[in-house]
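**Student:** Quick one, structure for this:
(one chain, ligands or ions: 4)
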Amino acid sequence: MTADVADTSHRAPQAAYRLVLANAFDHLRKAAEAFSESHLTYSVEYFATGLELILKARLMREHWALLFAEPHKASPERLSDGSFKSIGLDRLIETVFVLTRVSLRPEAKATFHEIRNARNRALHFHVEESAIAAAASQQVRGWGELKALLQGAWADAFDIDDEVDERVRETDERFHFQRDFLSKKYDQLKEHLEHAYGGRLAQCSSCRLQSAVLERPDEHLTIATCEVCGYNSDQWRCDSCNGENLISHSSVKCRHCGEAVAVLGFCGSCNDHTVGAPDGITRCFSCGTVFIEQDDPCEWCGELWFGSDLGESYAFGCGECGGSFEAATGETFSFDED
Ligand SMILES: [Zn+2]
Ligand SMILES: [Zn+2]
Ligand SMILES: [Zn+2]
Ligand SMILES: [Zn+2]
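**Tutor:** Ligands and ions are numbered 1, 2, ... in the order given. As a prediction, this is how the structure comes out:
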């Protein structure tokens, strides 16, 4: 049955996703092989392409024309001869989760963006040997997210049969190498870490090992640097359970106990409703921006904003409303309309 689908793909573009999916698994295999052979630059590039292709295959299940950067110019001929510009990874990440009505966990989104950034760097500069643990961590997390989607929310859409199932299992085995790499490094460092840092250790948000050193453990917000994978992040401590949380989480809920920070308003930098001040310092718990100036209410809807220019908000609204212009015309005002 799979072979039939592949053979007729040029006539039936809606079935071409099977080829893209197969290609994705090939890239993930090459990423794992390159990693174990210490060809780190290739590994980073292959992995990001594998991720991109799985997302593209899923998008093609909605409609193959969505693969085109300009879907209105899509045609089966252009799909089969490749003469088109395809959707970029950023838009792909945004689009695929909206269209498939699957909410992308903030950690997953951050991981996908990290993988994209690593590829952008790898395309221009050789990936240094010192980045090996960071790459291992990205691949373990990235594959973990993909596997959860393939076996969970996206399984029906992908029509997961024995063949695909087998490839998921195979791929999973391949990334054991990276997992082992990280835990071996942790085992070597463990004693030293506990001796040197004791109470300043927290779970790393990237490799999940108890190897992140908090710079100022007594403060509510601090920088954490992982001694195993090198992941560097701003962390905040939950008042209820003392658990460490990552800033850049687009959530104000503690990931350990679910307790939320009291939210004061919207952030003018990232537009999330995640500005709070549990320790008296007003900051966004999603993007980390610290605000010194007072909050401002939107003159139309009354929502509170930090670090946003609301001078024209009565007329044109804020990130949450369209102001009196939209109320009167039914249209959204946009400054960048051409
Ligand atoms: Zn780490
Ligand atoms: Zn908590
Ligand atoms: Zn923000
Ligand atoms: Zn408003």
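
**Student:** where do the strands sit along the stretch 201-338 of the chain?
**Tutor:** 201-202, 212-214, 221-226, 232-237, 244-246, 266-267, 275-276, 283-284, 296-297, 304-306 (DSSP state E, counting those that start in this stretch).

**Student:** Dump the ones you listed into CSV; add mean neighbour count and distance to residue 143 as well.
**Tutor:** Yep, even glycine has a C-beta here, placed from its N, CA and C like the rest. Below are the strands of the stretch 201-338 of the chain laid out as CSV (neighbours: other Cβ atoms under 10 Å; distance: least, Cβ to Cβ, whole Å):
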stretch, mean neighbour count, distance to residue 143
strand 201-202, 22, 24
strand 212-214, 22, 21
strand 221-226, 20, 19
strand 232-237, 20, 21
strand 244-246, 22, 20
strand 266-267, 24, 31
strand 275-276, 24, 33
strand 283-284, 26, 30
strand 296-297, 16, 43
strand 304-306, 21, 37
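
**Student:** between those, which one is nearest to ligand 1?
**Tutor:** Of all those, strand 221-226 sits nearest to ligand 1, with 3.0 Å by Cβ to the ion.

**Student:** ok so, going back, TSV for the strands of the stretch 201-338 of the chain, including mean pLDDT?
**Tutor:** Formatted as TSV, these follow (pLDDT from 0 to 100):
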stretch	mean pLDDT
strand 201-202	88
strand 212-214	91
strand 221-226	86
strand 232-237	81
strand 244-246	79
strand 266-267	92
strand 275-276	92
strand 283-284	88
strand 296-297	90
strand 304-306	95
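
**Student:** Out of the ones you listed, which is closest to residue 148?
**Tutor:** strand 244-246 (18.8 Å; Cβ to Cβ).

**Student:** Direction included, what does the closest one pair up with?
**Tutor:** Strand 244-246 has its sheet partners listed here by DSSP bridges as strand 232-237 (antiparallel).

**Student:** thinking again about what came up before, among the strands of the stretch 201-338 of the chain, which comes closest to ligand 2?
**Tutor:** strand 244-246 (7.5 Å).

**Student:** Okay, now the unreliable bits of the stretch 1-150 of the chain?
**Tutor:** 1-14, 106 (pLDDT under 70).

**Student:** circling back to that earlier point, could you export the strands of the stretch 201-338 of the chain as TSV, including distance to ligand 3?
**Tutor:** Listed next are the strands of the stretch 201-338 of the chain as TSV, based on distance: least, Cβ to the ion, whole Å:
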stretch	distance to ligand 3
strand 201-202	23
strand 212-214	22
strand 221-226	14
strand 232-237	12
strand 244-246	14
strand 266-267	3
strand 275-276	7
strand 283-284	3
strand 296-297	15
strand 304-306	8
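
**Student:** Turn those strands into JSON lines, including distance to residue 45.
**Tutor:** JSON lines is the format used below for the strands of the stretch 201-338 of the chain (distance: least, Cβ to Cβ, whole Å):
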{"stretch": "strand 201-202", "distance to residue 45": "32"}
{"stretch": "strand 212-214", "distance to residue 45": "28"}
{"stretch": "strand 221-226", "distance to residue 45": "24"}
{"stretch": "strand 232-237", "distance to residue 45": "23"}
{"stretch": "strand 244-246", "distance to residue 45": "26"}
{"stretch": "strand 266-267", "distance to residue 45": "34"}
{"stretch": "strand 275-276", "distance to residue 45": "37"}
{"stretch": "strand 283-284", "distance to residue 45": "33"}
{"stretch": "strand 296-297", "distance to residue 45": "44"}
{"stretch": "strand 304-306", "distance to residue 45": "39"}
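
**Student:** Which one, of the ones you listed, ends up nearest to residue 37?
**Tutor:** strand 221-226 (24.9 Å).

**Student:** what's around residue 293, how many residues?
**Tutor:** By other Cβ atoms under 10 Å, 9 other residues sit near residue 293.

**Student:** quick one: contacts for it?
**Tutor:** 306, 307 (Cβ atoms under 8 Å, 6 or more residues apart in numbering).

**Student:** List phi and psi for it.
**Tutor:** Residue 293 has phi and psi values of phi -80, psi 160 when expressed as degrees, to the nearest 10.

**Student:** among the strands of the stretch 201-338 of the chain, which is nearest residue 319?
**Tutor:** Here strand 266-267 is closest among these (Cβ to Cβ), at 6.2 Å.

**Student:** Output the contacting helices and strands for the closest one.
**Tutor:** With contacts defined as 3 or more Cβ pairs under 8 Å, 6 or more residues apart in numbering; DSSP states H and E, the packing partners of strand 266-267 are strand 304-306.

**Student:** Pairing partners for the strand it packs on, with directions?
**Tutor:** strand 266-267 (parallel), strand 296-297 (antiparallel).

**Student:** now those as JSON lines including distance to residue 33?
**Tutor:** Formatted as JSON lines, the strands paired with strand 304-306 follow (distance: least, Cβ to Cβ, whole Å):
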{"stretch": "strand 266-267", "distance to residue 33": "42"}
{"stretch": "strand 296-297", "distance to residue 33": "54"}
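
**Student:** want to throw the ones you listed into JSON lines with distance to ligand 2?
**Tutor:** JSON lines is the format used below for those (distance: least, Cβ to the ion, whole Å):
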{"stretch": "strand 266-267", "distance to ligand 2": "21"}
{"stretch": "strand 296-297", "distance to ligand 2": "30"}
